[in-house]
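# Got a predicted model here, sequence first, then my questions.
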2 protein chains.
Amino acid sequence: MAQPIPLQKDPSQTDRALLGIRDLVLRGEFKTGERLPELALVELLGVSRTPIRAALQKLAEEGLLEASQPTGYTVRGFSETEIADAIEVRGTLEALAARMAAERGVSASFLAAMSDCLGRIEALLTKVKPGRDFLAQYCQFNTQFHELLAEASGSEIVARALTRAGSLPFAGHNAFVSVQGEIPASLEIFRIAQRQHREILEAIEARSSARVEPLVKEHARLAYKNLQLALQNNEAMKTLPGASLIRRRP
Amino acid sequence: MAQPIPLQKDPSQTDRALLGIRDLVLRGEFKTGERLPELALVELLGVSRTPIRAALQKLAEEGLLEASQPTGYTVRGFSETEIADAIEVRGTLEALAARMAAERGVSASFLAAMSDCLGRIEALLTKVKPGRDFLAQYCQFNTQFHELLAEASGSEIVARALTRAGSLPFAGHNAFVSVQGEIPASLEIFRIAQRQHREILEAIEARSSARVEPLVKEHARLAYKNLQLALQNNEAMKTLPGASLIRRRP
DNA sequence: CCCTGAAAAATTGTATACAGTCTGTATTCA
DNA sequence: TGAATACAGACTGTATACAATTTTTCAGGG
């Protein structure tokens, strides 16, 4: 039903450039505001300028880079407020998707698939120790649930808007999951998130469009709380990809 | 305060390609689902493949084109439902922007600029005959008001999301203004829209975040009504750029 | 010492050549 | 006649050369 993976046989040079540049930026190899000369990237990544340019254009569209005057691209920085706004945008669109799912109705089999996904998260949460595997698997199922939620809207337009809103750095569903490995209260946070997942699903099942909207918005706000926890914990920040892009308050 | 125009000295080949391809598609020179071979566009537009490819990528990001399997781009079609969804997304984000403006507050001078813009629309509406000039000027001021509204949110992230949501064909503020030149009730529709503009501005001025949200959503829904009017009026459809992309209900 | 201006270097915009892939057709063999 | 294969054409992915523009450097004059 869902078309999951665009079946990439061997990754194209453009893909390599895209992943490579994103990785370089998120690792902090380039400082905020710094320019990304194409030839430097050619040397670093071993692909020619053409795919580099395509990747730069895509990353600028994502919001990770910024077209700079009069030409070229620079690394973009994000204030705490901007991250909060990005989360708010994502939450708003996700709430719209959920409301539409509740209004238009979702097939029983689709609801079962969503419930199944949540069941796996619950199975994961019964394990005592959240190790590396745990985080990776949680991200996978969490992503799947949110993708199913977007699809449940029945609107490709909405799903698309949601994907783009979530592609902004730190705005995605799993943006601050990595830091939870370093935070004492992490297991509790996962449990809260999971309870919200269940409530969201129940509201959609019950066609309660009025109820599901605030539930989803509240769920998105959990990401903002995680951001604040991360900012207070230097150890956690070290595990956060792209931490160098966050402009701390002066 | 607002950075209005990116000061384009002479348009680059990429700009020419972007505008050219968009124009070709909106004029219906390519049918829905039809592929756009790069070499054909090279011949039609007289620029080389490199800027053509950049433009195709941008237009796919906008939503006008679609990356097709296994390669290349095709013209995308839009059902009435999809257009309604796109309007809903735009309205939702615009409501978020307005709510944030009301919550965070807007400077007196900025409010004055918005009011000034509305004053010009009102001056326009006192003229009896809505001719071609009228429509062009209305679009200009209407766009300005909505841009000011986005800026009033105080969030570049939100403004950005809004811009992108409005760049989808038929989702923008002026999407169906052109058809109003052909519709008898058009002047009344302009007046309703303008009344809503005023109410939105008043709600922001009064910091009524709870009130401004539904007002903006309702205002966006006016675009949907215009769509329905246009679909019922064959003469109006002829003046609508991109009319050939709309998939009528079977 | 700083400011000005020209040359040099760096960088991006654009065109184009080449290679790999997919598609459709025709030809050959069973 | 039908199927399989090989060939031809079209198209996109990639690399790279060249042009135009911007930035930097440095020398000379105020």
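Done, it's in.
# which bits of chain A sit near DNA strand C?
Chain A comes close to DNA strand C at residues A:35-40, A:49-50, A:53, A:71-73, as judged by Cβ under 7 Å from any atom of the strand. Yep, even glycine has a C-beta here, placed from its N, CA and C like the rest.
# Could you report the separation of the closest residue to A:Glu156 other than its chain neighbours from A:Pro51?
In this structure, A:Glu156 finds its nearest non-sequential neighbour in B:Glu82, 7.1 Å apart by Cβ to Cβ, 6 or more residues apart in numbering or on different chains. Separation of B:Glu82 from A:Pro51 (Cβ to Cβ, to the nearest Å): 32 Å.
# thinking again about what came up before, restricted to helices, list the residues of chain A next to DNA strand C.
Restricting these to those inside helices, with DSSP state H as the criterion, leaves A:38-40, A:49-50, A:53.
# Would you point out the most distant pair within those residues?
Of all pairs drawn from these, the widest gap by Cβ to Cβ lies between A:Ala40 and A:Thr50 and measures 15.7 Å.
# Closest to the mean position in chain A, which residue would that be?
With distances taken as Cα atoms, centre = their mean, chain A has A:Gly172 as the residue nearest its mean C-alpha position (1.9 Å).
# Least confident secondary structure element in chain A?
The helix or strand with the lowest mean pLDDT-type score in chain A, counting by mean pLDDT, DSSP states H and E, is helix A:177-180 (a mean of 80).
# Mean confidence (pLDDT) on the helix or strand just after that one, please.
Secondary structure here is assigned by DSSP states H and E; on that basis, the next helix or strand after helix A:177-180 toward the C-terminus is helix A:186-205. Mean per-residue pLDDT for helix A:186-205: 93.
# and after the helix or strand encompassing A:Glu82, which helix or strand comes next?
Secondary structure assigned from DSSP H and E places A:Glu82 in helix A:80-104. Towards the C-terminus, the helix or strand next in line after helix A:80-104, according to DSSP H and E, is helix A:108-126.
# Now do that next one and helix A:186-205, the angle between them.
Taking axes from the mean of the first three to the mean of the last three Cα atoms, to 10 degrees, helix A:108-126 and helix A:186-205 form an angle of 170 degrees between their directions.
# now the angle from helix A:108-126 to helix A:80-104?
Direction vectors for helix A:108-126 and helix A:80-104, defined by the same axes, to 10 degrees, enclose an angle of 140 degrees.
# ok, now which ones touch the residue nearest to A:Glu156?
Contact analysis of B:Glu82 by Cβ atoms under 8 Å, 6 or more residues apart in numbering or on different chains lists A:155-157.
# Go through the residues you listed and name the one nearest DNA strand C.
In terms of Cβ to the nearest atom of the strand, no member of the contacts of B:Glu82 lies closer to DNA strand C than A:Glu156, at 23.3 Å.
# Quick one: neighbours of the closest one, just the number.
Burial of A:Glu156, expressed as a neighbour count using other Cβ atoms under 10 Å in any protein chain shown, amounts to 14.
# In chain A, where is pLDDT below threshold?
With pLDDT under 70 as the threshold, chain A has low-confidence stretches at A:1-10, A:128-132, A:249-250.
# Can you report phi and psi for the residue of chain A positioned farthest from its centre?
Checked against the mean C-alpha position of chain A, the extreme residue using Cα atoms, centre = their mean is A:Pro70, at a distance of 30.9 Å. Backbone geometry at A:Pro70, expressed as degrees, to the nearest 10, gives phi -80, psi 0.
# Next, find the distance separating it from B:Ser12.
Spatial separation of A:Pro70 from B:Ser12 under the definition Cβ to Cβ is 11 Å.
# for A:Glu94, same thing?
The spacing between A:Glu94 and B:Ser12, counted by Cβ to Cβ, is 37 Å.
# Who has more neighbours out of those two?
Under the neighbour definition other Cβ under 10 Å, A:Glu94 and B:Ser12 were set side by side, and A:Glu94 has more, 26 against 14.
# ok, that one - contacts?
For A:Glu94, the contacting residues are A:146, A:149-150, A:162, A:216-217, A:219-220, taking Cβ under 8 Å, 6+ apart as the criterion.
# Need the buried ones from the residues you listed selected in PyMOL.
Those of those that meet the burial criterion (16 or more other Cβ atoms under 10 Å in any protein chain shown) are gathered into one PyMOL selection, given here:
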select buried, chain A and resi 146+149+150+162+216+219+220
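# which of the ones in helices among the residues of chain A next to DNA strand C count as buried?
Using 16+ other Cβ under 10 Å as the burial test, those include A:38, A:53 as buried.
# can you list the residues of chain A near chain B?
By Cβ under 8 Å from any Cβ of the partner chain, the residues of chain A that approach chain B are A:50, A:53-54, A:57-58, A:61, A:63, A:81-82, A:85-86, A:88-89, A:92-93, A:96, A:100, A:155-158, A:160-161, A:164-165, A:168.
# right, and A:Thr32 touches A:Ala243 too?
No - under the criterion of Cβ atoms under 8 Å, A:Thr32 is not in contact with A:Ala243, lying 11.3 Å apart.
# quick one, domains of chain A?
Domain assignment of chain A by automatic domain parsing yields the ranges A:13-76, A:80-247.
# can you name the two of the contacts of A:Glu94 that are farthest apart?
Between all members of the contacts of A:Glu94, the longest pairwise span (Cβ to Cβ) is found for A:Ala150 and A:Lys217 and amounts to 15.3 Å.
# picking that back up, just the residues of chain A next to chain B that are near DNA strand D?
Filtering the residues of chain A next to chain B for neighbours of DNA strand D using Cβ under 7 Å from any atom of the strand leaves A:50, A:54.
# Of the residues of chain A next to chain B, keep whichever come out buried.
A:53-54, A:57-58, A:61, A:63, A:82, A:85-86, A:88-89, A:92-93, A:96, A:100, A:155, A:157-158, A:160-161, A:164-165, A:168.
# now the residues of chain A next to DNA strand C as a markdown table including distance to A:Cys139?
Formatted as a markdown table, the entries for the residues of chain A next to DNA strand C read as follows, by distance: Cβ to Cβ, whole Å:
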| residue | distance to A:Cys139 |
| --- | --- |
| A:Arg35 | 32 |
| A:Leu36 | 28 |
| A:Pro37 | 33 |
| A:Glu38 | 32 |
| A:Leu39 | 35 |
| A:Ala40 | 31 |
| A:Arg49 | 34 |
| A:Thr50 | 33 |
| A:Arg53 | 31 |
| A:Thr71 | 37 |
| A:Gly72 | 33 |
| A:Tyr73 | 28 |
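# hang on, the earlier thing: how far is the helix holding A:Glu82 from where the chain is centred?
For helix A:80-104, the distance between its averaged C-alpha position and the chain's averaged C-alpha position is 12 Å (Cα atoms, centre = their mean, to the nearest Å).
# again with stretch A:159-174
Taking the mean of its C-alpha atoms, stretch A:159-174 sits 5 Å from the chain's own mean (Cα atoms, centre = their mean).
# wouldn't A:Arg247 be in contact with A:Ser79 here?
Yes - contact between A:Arg247 and A:Ser79 holds when scored by Cβ under 8 Å: they sit 4.8 Å apart.
# so A:Val177 touches A:Phe134, yeah?
No - between A:Val177 and A:Phe134 no contact is recorded; they are 10.2 Å apart, counting by Cβ under 8 Å.
# Just want to know which of those two has more residues nearby.
The residue with more neighbours, out of A:Val177 and A:Phe134 and counting by other Cβ under 10 Å, is A:Val177; that gives 22 against 18.
# Now do the same contact list for the more buried one.
When contacts are taken as Cβ under 8 Å, 6+ apart, A:Val177 is in contact with A:135, A:138-139, A:142, A:226.
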